[in-house]
Every structure is written in structure tokens, then in C-alpha cells.
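Engineer: Model the structure of this input:
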Amino acid sequence: MTENVIEFDPNRRPRRSRRTTAPAPVGTDLEGLIDSWKRALEAGNKAPYTIYLYTRSVRAFYAYLRANGHPHDAEGVTADHVRDFLASEQARTSVHTSSAHHSYLGVFFNWLISEEERSTFSPVLRADRPHVPKKARKYLTDAEISALLTACKGAGFAERRDTAMIMILIDNGVRASGLAGIQLENVDLRQRRIMIVLKGGDEHWIPIGAKTVVALDRYLRVRAKHGWASSPNLWLGVRSKTMGKMTRAGVALMLSRRGEAAGVENVHPHRFRGTAAHLLLKEGMDPDSVRRVLGWKSYAQMWHYTEEHANDRARAMHTKFAPGDRF
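Structural biologist: Here you go, the predicted structure:
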């Protein structure tokens, strides 16, 4: 019986094995994951407006992917897709919006990775963050603040309410959401303090000065005659027939109207935040106390609002403490 034997040929080149490229994994469609991410953000006690901004950004990115024929699943998105989206948003809106999208998408894809919905690295790279040019921060001057308070002068309900709100903003730079959400039971005039809710849900006592206490007392007396005086909310609407609960948008609208009446441009809640911090530092309050008054968790947040005039404050303090003046 003859065996089938293949003779060895030393000149024969070995056959190359065929390499097959593994297909890219197909992940879950991003649209179906947004609601799950939203629930995770809510469970993490993120502020409602923050959640709105986060999810709006991801929905805009998803719409961009679909409109341009790009993969729109958790695995298929690449860094190039993110770069193109950021560039298109910067051209369509502004570099500030594009930079915000970069931050929010980064949070989203990190969550996808932690949930094992994506098996590779995040397509949102730190190097791709759009550069936002730094602009000079404009604080409210003493003359502008005085003009705003003059525009609120009067014994009427709206005049007393708006004066009290502006005085609180000047005293401690509270956020618009924190100011709008103050509850009547959390106003402590004897101790000169008010409890607010910070961004993230933490409760925080903010101090107020003697003149702010007087302004609040004047408002509370006229508030007691309001048709909705039994409401738990500190701030009420002008009309007695409706409770008119104050919102962050309502605070901004009130300041805008008072600014227009006073001839002060660009009056909004955040200008008071930086102004209050600057004035406290200027008067000599130590940075840690300023940070605590305004409810910031880090010094970086404080310097973000106040470094614009740091050198001016340093020179003013030197005038007060100049060592050479001792001799």
C-alpha cells in the first residue's frame, strides 16, 4: 500500500496565513442611553439645570452624527467625530458653547465606559478642548450699585422686595437659584443669616449685614399683607391674586429691568457674585472666609471670579501694612 507522502522542498516558501480584521464592535445606540444617563445624574443629586445642559449637549451631538451619516452607537464614535462636531458648533454658535459641549460630552462618555457600554477609551480628548480667550471681568462699581438701589426706592411691594434681593446679592454674591429658592422659615434676622441651597443640593447659611437685615424687615412687613403671605417661599409676585413664585429667570429679569431704569448696563446675577467676592477681599477678609461665605468648595473657584483685580488689592493692602512706615 502506497502512502501519500509530500516530499520536502527546501526552496518552497511557506504559505502566509490569512489575517482577518476583527469587525468593530457595534454598541448600543446613543439615543437610548441618554435617559439612563439622566437617571444616573439625578441619583447623583445634580442640579436640574445642570442635567438639562448635559443632556441637551449629548442630544445635539447625536443629531449631528445622524445628520452626517456617522456611527451613532456607543462603540462607533471616534475622536474625529467629536472634533468635527466641536468645530461645527464653534462656527455655528461660539467657542464658549463648543467648549461647554466638550466638557459635557466628556462626562457622558466617561459614564458609558464606567457602565461598560463602551470598551475603548473616550473619544473626547483633553487636547481637543477649544481654547476660550480670557475676557476681563467687569465688577459692579459703588456708583452702579448705588444707582440700582436708587432705582428701587419706594414703599411699594416691588420696591421693597427688589431692594432686599439686591442687598443680599451685594452682601454675599449668592447664586440666582439660591436666592430665588429661599424659604421664609430659613430667614434668621436675629442671627443675620439666611439658609440657601447650593448648587448640588447642600444647605448653606449665608451671612447678611445690618442694612440688609433692615431691607429684609421692610419687605417682610409689606409681605405680611400679600394675598399669598402664607406661602413658604420668601419672594412673592407683585400681584396678590397669584403666588408668583420667584425663579432664577425671574431674578435675572428683575435685575435687567432695574439696571435699565438705573442706566447700568449688563446687570445680571453673576456680576454680583464676582463683585461681592472682590469687595470682601478688598476690605481685608481672608480668602478662606470669602470662600466659605460664597459657598465655594475650592480656592480655584474663588480666584476664577476675583483674580482680575488681585494686584490692585495687593497694592492697596501694602499701603495699609507697608513695613517702611514703621520707621
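Engineer: centroid residue for this structure?
Structural biologist: T50 (7.0 Å; Cα atoms, centre = their mean).
Engineer: Am I right that that one is in contact with S177?
Structural biologist: No. Contact criterion Cβ atoms under 8 Å: T50 and S177 do not qualify, at 10.4 Å. Where you see a C-beta, it was placed from the backbone N, CA and C, and this is true even at glycine.
Engineer: what sits in contact with each of these two?
Structural biologist: K199 (Cβ atoms under 8 Å, 6 or more residues apart in numbering).
Engineer: mind listing the strands for the chain?
Structural biologist: 187-188, 193-197, 203-207 (DSSP state E).
Engineer: I'd like to know which of the ones you listed is closest to H102.
Structural biologist: With Cβ to Cβ as the criterion, H102 lies closest to strand 193-197 of those, at 28.5 Å.
Engineer: Just want the angle from that closest one to strand 203-207.
Structural biologist: 150 degrees (axes from the mean of the first three to the mean of the last three Cα atoms, to 10 degrees).
Engineer: can you give me the mean pLDDT across stretch 188-202?
Structural biologist: Mean pLDDT, stretch 188-202: 90.
Engineer: Any buried residues in that stretch, and which?
Structural biologist: 193-194, 196-198 (16 or more other Cβ atoms under 10 Å).
Engineer: Tell me where the model's unsure across this protein.
Structural biologist: For the chain, the stretches with pLDDT under 70 are 1-25, 136, 239-244, 305-306, 308-312, 316, 318, 321-322, 324-327.
Engineer: could the strands of the chain go into JSON lines alongside distance to D286?
Structural biologist: Output for the strands of the chain, formatted as JSON lines (distance: least, Cβ to Cβ, whole Å):
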{"stretch": "strand 187-188", "distance to D286": "24"}
{"stretch": "strand 193-197", "distance to D286": "19"}
{"stretch": "strand 203-207", "distance to D286": "15"}
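Engineer: Ok, which of those comes nearest D142?
Structural biologist: Using Cβ to Cβ, the strands of the chain put strand 203-207 closest to D142, at 20.4 Å.
Engineer: how much space between the closest residue to V264 other than its chain neighbours and N266?
Structural biologist: Once flanking residues are discounted, V264 sits nearest to E144: 4.6 Å by Cβ to Cβ, 6 or more residues apart in numbering. According to Cβ to Cβ, to the nearest Å, E144 stands 10 Å off from N266.
Engineer: between those two, who's got more neighbours?
Structural biologist: E144 (19 against 10; other Cβ atoms under 10 Å).
Engineer: Relative to P269, how far out is the more buried one?
Structural biologist: E144 is 15 Å from P269, by Cβ to Cβ.
Engineer: try Y62
Structural biologist: Distance from Y62 to P269, by Cβ to Cβ: 32 Å.
Engineer: same check, this time on Q90
Structural biologist: For Q90, the distance to P269 - Cβ to Cβ - is 27 Å.
Engineer: which of these two has more neighbours?
Structural biologist: Per other Cβ under 10 Å, whichever of Q90 and P269 has more neighbours is P269, with 21 against 16.
Engineer: Just checking the distance from stretch 109-126 to the centre of its chain.
Structural biologist: The chain centre lies 23 Å from the centre of stretch 109-126; the measure is Cα atoms, centre = their mean, to the nearest Å.
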